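Enquirer: coordinates only, sequence not included:
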Ligand code: FAD
Ligand code: DLZ
Ligand code: SF4
């Protein structure tokens with residue numbers, strides 16, 4: 001259909017905008033406007049995304065297009081393997097505009113700077129205005145975040161989070177935080193024990209649409225990281241809501257207590273495994289927070305669980321998005337510790353003798369998922385200690401996780417995990433030697449290395465790397481009051497021990513650089 005009067009607005013809906021109440025759709029009229037959705041090779045390959053991530057999005061996009069059509073919209077959906085698909089957002093919008101001659105293009109602002117910059121240049125070649133409208137799916141709009149950040153010396157998440165609790169009234173009782181404290185993190189650091197009754201997230205059998213996508217992705221992206229099957233993701237809003245309800249029933253109560261725990265073979269523990277759905281727009285963050293608050297109020301979840309979960313969504317998720325848009329485009333290039341080592345090849349395979357790294361990476365390859373402490377204190381910690389170039393680390397996280405889009409991934413990786421922003425996001429680097437990993441997991445007992453040794457053939461690599469990291473970066477970090485105890489311990493070591501640590505770490509980093517199996 002090329003009737004101009006039927007396409008006043010051409011509404012482009014991106015793969016992470018699968019929300020019926022999307023701001024661009026709200027501005028349009030199903031009777032007169034047209035929706036455009038495109039599967040494009042550029043989005044799948046600007047970093048080489050995990051096969052499961054591509055399959056999840058393509059299937060969720062196709063299902064969403066079907067739901068829009070059922071709701072009365074005309075949707076032009078361009079499949080990846082369709083004849084004439086030109087492969088990028090820009091060229092597909094140009095092609096559609098030639099076909100449909102719209103008066104204007106409407107699009108909700110994208111989640112990545114790269115795409116926004118490109119969109120800002122579309123109007124001229126298209127010869128029609130491009131309206132980029134605010135994304136209203138977040139709990140703190142960017143103007144409010146800028147106002148919060150303005151004039152502050154430090155942009156700490158905890159302060160932002162308290163403001164958000166007050167603003168939304170979530171877990172507030174008579175103007176005070178429910179349970180008498182803002183933050184129950186201190187209760188949320190218990191290691192887990194292998195348990196026969198460990199919950200598993202809700203899983204869904206692929207339907208015909210998903211099966212077609214799996215065949216497509218298997219053919220077209222065979223050389224990307226990751227196992228495509230078994231594929232058990234939710235691909236519709238209804239399924240994602242079922243997954244959330246299942247989490248509420250089976251895992252929320254223990255979510256807080258075991259939030260930082262890690263166990264061999266347990267890929268999900270009590271985590272919600274909802275981030276991919278939230279970030280694609282299949283779930284509404286406020287609705288989740290309200291349901292978790294209700295579970296607390298009705299006595300179905302303790303305060304440390306409810307507060308812990310709400311803090312992740314109301315606090316961290318909104319905060320990192322605010323930081324991203326406040327600091328881009330410069331943020332992506334920061335490298336406060338001048339880290340330059342290449343990302344070790346085993347990040348793509350899990351082929352390492354370090355049990356903790358093998359567990360975290362193998363499940364990433366299998367599931368396009370690892371939980372927060374695995375990302376932060378295993379793969380992130382190792383890259384930080386080994387001095388890996390933060391840009392390479394960033395590209396890895398962006399590629400391998402089903403929930404990764406730059407607005408959320410970059411601040412978490414570059415800021416929280418790699419300290420490449422020099423402490424804008426975190427007051428000190430998140431780092432540890434083997435001791436912490438041993439305390440919070442059962443990995444070390446099954447490792448080729450010995451967590452108690454600092455140097456020697458079987459010494460846990462995290463140990464010498466930890467001390468060497470502090471030493472190498474003393475010019476940046478020594479003045480940090482939160483590292484006072486760590487530097488005091490380093491100073492208490494005698495010169496021979498310090499030299500042995502340095503030698504061991506340097507030898508290990510050389511073997512890493514040479515691509516040896518470590
Ligand atoms: P749960 O532990 O069940 O938490 C509930 C929800 O809270 C999550 O679904 C997520 O939406 C939100 N959340 C929790 N922590 C964070 C956080 N730090 N930032 C933003 N939201 C948070 N999260 C992403 O969504 N996308 C990413 O690309 C991403 N990259 C990361 C990279 C690194 C190096 C680190 C350390 C963390 C990263 N995170 C990212 C944050 C966090 O690890 C994931 O959100 C979480 O592991 C998703 O699993 P879950 O749904 O089971 O979360
Ligand atoms: C991640 C991704 C992939 C793999 N493919 C597509 C696609 O083909 N079409 C699409 O609309 N979106 C895709 N996405 C999500 C986009 O990369 C995302 O919308 C932008 O990065 C902005 O956040
Ligand atoms: Fe990881 Fe070291 Fe423990 Fe091995 S000994 S699992 S390398 S922390």
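Expert: Received the coordinates, thanks. Since we're looking at a predicted model, the values are computed, not measured. Ligands and ions are numbered 1, 2, ... in the order given.

Enquirer: tell me the contacts of residue 53?
Expert: With CB atoms under 8 Å, 6 or more residues apart in numbering as the criterion, the residues that contact residue 53 are 226, 276, 368, 401, 402, 404. (Glycine included, C-beta is placed from N, CA and C.)

Enquirer: cool, and residue 465?
Expert: 382, 385, 386, 433, 505, 508, 509.

Enquirer: in which helix or strand would I find it?
Expert: For residue 465, the element it lies in under DSSP states H and E is helix 461-472.

Enquirer: helix or strand right after that helix?
Expert: Next helix or strand after helix 461-472 toward the C-terminus (DSSP H and E): helix 474-477.

Enquirer: Quick check: buried residues in that next one?
Expert: For helix 474-477, burial by neighbour count (16 or more other CB atoms under 10 Å) applies to residue 477.

Enquirer: Also stretch 431-439?
Expert: Buried positions in stretch 431-439, judged by neighbour count with 16+ other CB under 10 Å: 431, 432, 433, 434, 436, 437, 438.

Enquirer: residues contacting the first one?
Expert: What that stands for is residue 431. Residue 431 makes contact with 381, 384, 385, 466, 469 under the criterion CB under 8 Å, 6+ apart.

Enquirer: Remind me which helix or strand the second one belongs to.
Expert: Read it as residue 384. Residue 384 is part of helix 381-385, with elements assigned from DSSP H and E.

Enquirer: hmm, the next helix or strand along the chain from that helix touching ligand 1?
Expert: Proceeding N to C from helix 381-385, the next assigned helix or strand is helix 390-400, under DSSP H and E. Yes - applying CB under 6 Å from any ligand atom, one finds helix 390-400 touching ligand 1 at residue 397.

Enquirer: could you say what helices and strands helix 390-400 packs with?
Expert: With contacts defined as 3 or more CB pairs under 8 Å, 6 or more residues apart in numbering; DSSP states H and E, the packing partners of helix 390-400 are helix 406-410.

Enquirer: so, in contact with ligand 3 or not, the helix or strand following the helix it packs on?
Expert: If you walk from helix 406-410 toward the C-terminus, the next helix or strand you reach (DSSP H and E) is helix 434-440. Yes - using CB under 6 Å from any ligand atom as the criterion, contacts between helix 434-440 and ligand 3 involve 434, 437, 438.

Enquirer: got the residues of the stretch 251-400 of the chain near ligand 1?
Expert: Proximity of the stretch 251-400 of the chain to ligand 1 is confined to 271-275, 278-279, 309, 312-313, 316-317, 320, 371-372, 375-376, 380, 397 under the rule CB under 6 Å from any ligand atom.

Enquirer: Sitting in helices, which of the residues you listed do you find?
Expert: When these are checked against helices using DSSP state H, the ones located there are 275, 278, 279, 309, 320, 372, 397.

Enquirer: Between those residues, identify the one with the most neighbours.
Expert: Across these, neighbour numbers were computed from other CB atoms under 10 Å; residue 309 holds the maximum, 28 neighbours.

Enquirer: Please list all residues in contact with that one.
Expert: When contacts are counted by CB under 8 Å, 6+ apart, residue 309 is found next to 252, 255, 256, 272, 289, 292.

Enquirer: Kindly provide the distance from the first one to ligand 2.
Expert: Separation of residue 252 from ligand 2 (CB to the nearest ligand atom, to the nearest Å): 28 Å.

Enquirer: pLDDT value on that residue, please?
Expert: The pLDDT attached to residue 252 in the predicted structure is 96.

Enquirer: Could you double-check that it lies in contact with residue 305?
Expert: Yes - counting by CB atoms under 8 Å, residue 252 sits close enough to residue 305 to count as a contact (5.5 Å).

Enquirer: Determine the set of other helices and strands touching the host helix or strand of residue 35.
Expert: Residue 35 is part of strand 34-38 when elements are defined by DSSP H and E. The elements that strand 34-38 packs onto, with contact taken as 3+ CB pairs under 8 Å, 6+ apart, are strand 9-12, helix 51-70, strand 74-78, helix 89-100.

Enquirer: Pull out the buried positions in the last one.
Expert: In terms of neighbour count (16+ other CB under 10 Å), helix 89-100 has its buried residues at 89, 90, 92, 93, 94, 95, 96, 97, 100.

Enquirer: Could you confirm whether it reaches ligand 2?
Expert: No - using CB under 6 Å from any ligand atom, helix 89-100 never reaches ligand 2; the gap is at least 6.8 Å.

Enquirer: shaky segments in the protein?
Expert: 1-6, 196 (pLDDT under 70).

Enquirer: please redo it, this time with the cut-off set to 50
Expert: Applying pLDDT under 50 to the chain picks out residues 1-2, 4-5.

Enquirer: Quick check: residues of it near ligand 2?
Expert: Proximity of the chain to ligand 2 is assessed by CB under 6 Å from any ligand atom, with 14-16, 38-40, 43-44, 49, 54, 57, 110-112, 115, 405 identified as the residues in range.

Enquirer: hmm, who's touching the strand or helix carrying residue 511?
Expert: Using DSSP H and E, residue 511 falls within helix 495-513. With CB under 8 Å, 6+ apart as the test, helix 495-513 has contacts from 341-342, 344, 386-387, 454-456, 459, 461, 464-465, 467-469, 471, 490, 493, 518.

Enquirer: out of those residues, which are buried?
Expert: Using 16+ other CB under 10 Å as the burial test, these include 344, 386-387, 454-455, 459, 461, 464-465, 467-469, 471, 490, 518 as buried.

Enquirer: Isn't residue 407 up against residue 111?
Expert: Yes - Residue 407 lies in contact with residue 111 (CB under 8 Å); the separation is 4.4 Å.

Enquirer: who's in contact with the residue in the stretch 101-250 of the chain positioned nearest to ligand 3?
Expert: Scanning the stretch 101-250 of the chain for proximity to ligand 3 using CB to the nearest ligand atom identifies residue 191 as nearest, at 13.2 Å. The contact partners of residue 191, by CB under 8 Å, 6+ apart, come to 261, 439, 440, 441.
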